[in-house]
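>>> Sequence and computational prediction follow.
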Amino acid sequence: MQQRSIGTATVSAIGLGGMPLSIQGRPDRDRALATIHAALDAGVTLIDTADAYSLDDRDFGHNESLIAEALVGYGGDTSQVLVATKGGHTRTPGGGWDVDGSPGYLHQACDASLKRLGVEAIGLYQHHRPDPKVPYEETIGALKDLHDAGKIRMAGLSNANPAQIRLAHEILGDALVSVQNEYSPRFLSSRPELDLCTELGLAFLPWSPLGGISSAAELGGRHAAFQEVAEARGVSPQQVCLAWMLATSPVVVPIPGSSRPETIRDSAAAPELQLDDAELARLG
């Protein structure tokens with residue numbers, strides 16, 4: 001598989017988004033593990049997770065524990081796999097979501113993630129979502145402290161706007177390596193953040209690159225050009241979508257979510273699909 005850079009790491013051009021394996025509607029354990037192993041078999045070396053990927057507050061940390069189990073149980077070499085996790089989102093009773101960007105909470109969350117992942121240092125630790133109750137510079141200062149303490153090797157942001165990215169870049173310097181925002185054919189609002197990442201040399205990790213977990217299968221119907229190109233090429237519209245996204249910038253590393261081995265295998269083949277200029281023009 002083609003490779004791209006995230007800071008000092010070299011990873012596959014397509015990652016695996018672990019969220020569907022742990023939230024409502026998730027597969028059983030055996031299928032979840034098989035999906036992660038299928039990704040590894042296909043050459044995927046970036047796995048995205050978060051402590052908050054769970055059913056609710058009682059299930060907190062489910063996805064991190066699942067990924068750790070899958071890596072330990074995999075029969076092949078996992079030394080080049082970069083696990084990117086996140087902290088700062090919380091879960092509430094009944095399956096709700098909240099945020100806590102306080103430095104004290106992020107230190108606590110990082111320590112818990114280290115234990116669940118079974119590592120001495122987290123490869124890429126990302127702040128999950130800004131907390132309006134906490135000044136952003138204080139939150140990012142906590143990431144710097146974690147990096148300086150050796151608990152995380154690289155730092156990233158998620159759901160950040162351009163001003164927040166520039167502020168974090170000033171505070172973290174070279175320790176900041178990535179931004180993870182929603183980006184897809186149906187959600188192009190993060191193009192300014194993508195362009196800024198290209199300018200600063202930060203990896204841009206689009207979440208929900210296929211338009212969202214529930215609508216990924218409808219991509220062809222909602223976006224006729226993707227379906228038409230897919231039919232002409234004899235591939236899935238999802239594969240065309242990921243190939244289109246990779247063509248937008250060399251810093252883009254999509255992380256499609258998957259809950260079945262066959263879907264991640266299809267996504268992992270996207271970097272080999274080279275769209276021509278006419279096709280890219282049609283896709284916008």
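Structure received.
>>> Need phi/psi at residue 54.
Backbone torsions of residue 54, given as degrees, to the nearest 10, read phi -160, psi 180.
>>> what about the nearest residue to it once chain neighbours are set aside, how many neighbours?
Nearest residue to residue 54, sequence neighbours excluded (C-beta to C-beta, 6 or more residues apart in numbering): residue 62, at 4.2 Å. Bear in mind the C-beta positions are built from the backbone N, C-alpha and C, glycine included. A count of nearby residues for residue 62, using other C-beta atoms under 10 Å, gives 23.
>>> likewise residue 162?
Counted by other C-beta under 10 Å, the residues lying close to residue 162 total 14.
>>> Which per-residue confidence value corresponds to it?
Looking at residue 162, its pLDDT reads 98.
>>> Over to residue 141?
98.
>>> Can you classify it by secondary structure?
Using DSSP: H, G, I helix; E, B strand; the rest coil, the structure places residue 141 in helix.
>>> how near is it to residue 196?
For residue 141, the distance to residue 196 equals 21 Å [C-beta to C-beta, to the nearest Å].
>>> Same question for residue 119.
30 Å.
>>> Those two - which one has more neighbours?
A count of neighbours by other C-beta under 10 Å puts residue 196 above the other of residue 119 and residue 196, at 20 against 16.
>>> List the residues that contact that one.
Residues in contact with residue 196 (C-beta atoms under 8 Å, 6 or more residues apart in numbering) are 162, 165, 166, 202.
>>> give me phi/psi at it?
phi -70, psi -40.
>>> mind checking the longest helix of this structure?
Secondary structure of the chain per DSSP state H: the longest helix is helix 103-117.
>>> Next secondary structure after it?
Note on helix 103-117: by DSSP states H and E, the next helix or strand toward the C-terminus is strand 122-127.
>>> neighbouring strands for that following strand, and are they parallel or not?
If you go by DSSP bridges, strand 122-127 pairs up with strand 82-87 (parallel), strand 152-158 (parallel).
>>> Which among those strands is found nearest to residue 232?
Minimum separation from residue 232 across these (C-beta to C-beta) falls at strand 82-87, 34.4 Å.
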